[in-house]
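[1] test case, fold it:
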Amino acid sequence: MIDAEILEKLKPGMRVRVHDKNGQFEGIILARKHGKEAGGTFTVRGEVASVKMEKVYPVYTPTIKKIDILKEPKRVRRSKLYFLRDLSVKKIKQKLGV
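    All right, here's what the predicted structure looks like:
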């Protein structure tokens, strides 16, 4: 289960590492849906073996052991960052101000 303190800090544009029962997954949070409700989710986009992939994690799931916040963006102007899917890593860093 995720700490309430970490849960409050999760915002789109953050670079995170999610430790779950299957291992760990590192990437950028694209979206956070349904706020603090029981059905809330967050979407993480990362790269595994040179293939870009997305994982949608429920907020209150017992499979997530820990979430590490690696970097926070300087500015994010949108709540859903789906436009990052089409950009290169260099352009993403410029857009988010990392």
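[2] where along this structure do the helices fall?
    Per DSSP state H, the chain carries helices over the ranges 4-9, 89-96.
[3] out of those helices, which is the most enclosed?
    Mean neighbours per residue, mean count of other CB atoms under 10 Å, is largest over the helices of the chain for helix 89-96, with a mean of 14. The way it works is simple: take the backbone N, C-alpha and C, and place the C-beta from them, glycine included.
[4] output the helices of the chain as CSV; include the columns mean pLDDT and distance to Val48.
    Rendered in CSV, the data for the helices of the chain read as follows (pLDDT from 0 to 100; distance: least, CB to CB, whole Å):
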stretch, mean pLDDT, distance to Val48
helix 4-9, 84, 23
helix 89-96, 84, 15
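[5] want to throw those into TSV with distance to Ala31?
    Shown next, in TSV, are the helices of the chain (distance: least, CB to CB, whole Å):
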stretch	distance to Ala31
helix 4-9	15
helix 89-96	14
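[6] pretty sure Ile28 contacts Met14?
    Yes: look at Ile28 against Met14 with CB atoms under 8 Å: they come within range, at 7.1 Å.
[7] in contact with Lys52, which residues?
    For Lys52, the contacting residues are Arg45, Gly46, Arg85, by CB atoms under 8 Å, 6 or more residues apart in numbering.
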